[in-house]
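Asker: Please work out how this folds:
(one chain, ligands or ions: 1)
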Amino acid sequence: MTDEIQPIDLASVDHVLKTTRSVRKRLDFERPVPMALIREALDIALQAPTGANTQTWRFMVVTDPAAREAIADCYRKAAAAYVEGRTALSRTGVTMMREYEAEDLRQQQRAALMKSGGYLIQHLHKAPVMIIPCIEGRFERDDVFTQASMWGSILPATWSLMLALRARRLASAWTTLHLQYEREISALLGIPDDYTQAALLPVAWLTGGDLKPAARLPLAEVAFQNRWEQHLD
Ligand SMILES: Cc1cc2nc3c(=O)[nH]c(=O)nc-3n(C[C@H](O)[C@H](O)[C@H](O)COP(=O)(O)O)c2cc1C
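Answerer: A predicted model of the protein is given here:
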């Protein structure tokens, strides 16, 4: 802790927090991404919390074109299984194909999401950099306490990474589809068997203008006070 209280530029901080989108169609596949910026963003991500201060996170930065092609191939195959409802996740109903009432915001946003998601499926291999955050341990068969502790030790850092990239005008997208081929990708990259991959972020410069805040379900609908049936004042 430092004695001096640094002023915080709330407007800029809030802008980054509100406009860090999953960018797919506006990734610049031509302009090289300086590794110094990736290093800076990763260094910031290391300020995220980890359970018991274990810091058992690892970040695989993939720039090799053949490896990026192979990962994109896995992503494409995984996307086909997802769209055809052949994944375990499909059985939970938490997928892009979930249907909502016509007036539901998520129903209205679905077509654009499908289009953008489809674009990434076709073009992922062109992303100049891919980052795969990993965490030590395998915990898929463990209880909720263990799972929350393990995921909670890598997902905050992953989100910090996206925010730090965004603050440097780099775009990325949170993706997980490739995890259907986690074993194959670990073998490809030499990730040890006792590490779990958490996501895959394609990273590139952002093309076009600025990003905007997204429309979301209203706070009143999703936040409660004291009891589940009582919405936050
Ligand atoms: C856990 C998780 C998994 C996701 N997996 C994918 C994915 O595999 N492919 C993809 O295109 N987007 C993926 N997304 C991005 C979501 O579709 C996106 O966050 C959502 O549509 C909201 O858009 P926004 O991030 O631009 O605000 C994922 C997001 C999360 C949080």
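
Asker: roughly how far apart are Met130 and the ligand?
Answerer: Distance from Met130 to the ligand, counting by Cβ to the nearest ligand atom, to the nearest Å: 13 Å. C-beta coordinates here come from the backbone N, C-alpha and C atoms, glycine included.

Asker: tell me the phi and psi of that residue?
Answerer: Per-residue torsions, Met130: phi -130, psi 140 (degrees, to the nearest 10).

Asker: Kindly report the same for the one 5 residues further on.
Answerer: In this entry, Ile135 is assigned phi and psi values of phi -140, psi 140 (degrees, to the nearest 10).

Asker: pretty sure it is touching Thr196, no?
Answerer: Yes: Ile135 is within contact range of Thr196, at 5.3 Å (criterion: Cβ atoms under 8 Å).

Asker: out of those two, which sits in the busier spot?
Answerer: Set side by side, Ile135 and Thr196 show more neighbours around Ile135, with 24 against 20, by other Cβ atoms under 10 Å.

Asker: check contacts around that one.
Answerer: Applying Cβ atoms under 8 Å, 6 or more residues apart in numbering to Ile135 gives the contacts Thr56, Trp57, Arg58, Met150, Trp151, Ser153, Ile154, Tyr195, Thr196, Ala198.

Asker: Distance check, the residue sitting nearest the centre point of the chain against Glu30.
Answerer: The centre of the chain sits closest to Trp174, judged by Cα atoms, centre = their mean, with a distance of 2.3 Å. Distance, Trp174 to Glu30, using Cβ to Cβ, to the nearest Å: 23 Å.

Asker: Around the ligand, pick out the residues from this protein.
Answerer: Proximity of the chain to the ligand, by Cβ under 6 Å from any ligand atom, involves residues Arg21, Ser22, Arg24, Leu113, Gly117, Leu120, Ala173, Trp174, Thr175, Thr176, Leu177, Ala214.

Asker: how about low-confidence regions in this structure?
Answerer: 1-2 (pLDDT under 70).

Asker: how about the strands in it?
Answerer: Counting by DSSP state E, residue ranges of the strands within the chain are 27-28, 57-62, 129-136, 170-172, 195-197, 201-206, 224-225, 227-231.

Asker: Partner strands of the third one, with direction?
Answerer: Read it as strand 129-136. Strand 129-136 sits in its sheet next to strand 57-62 (antiparallel), strand 195-197 (antiparallel), strand 201-206 (antiparallel), going by DSSP bridges.
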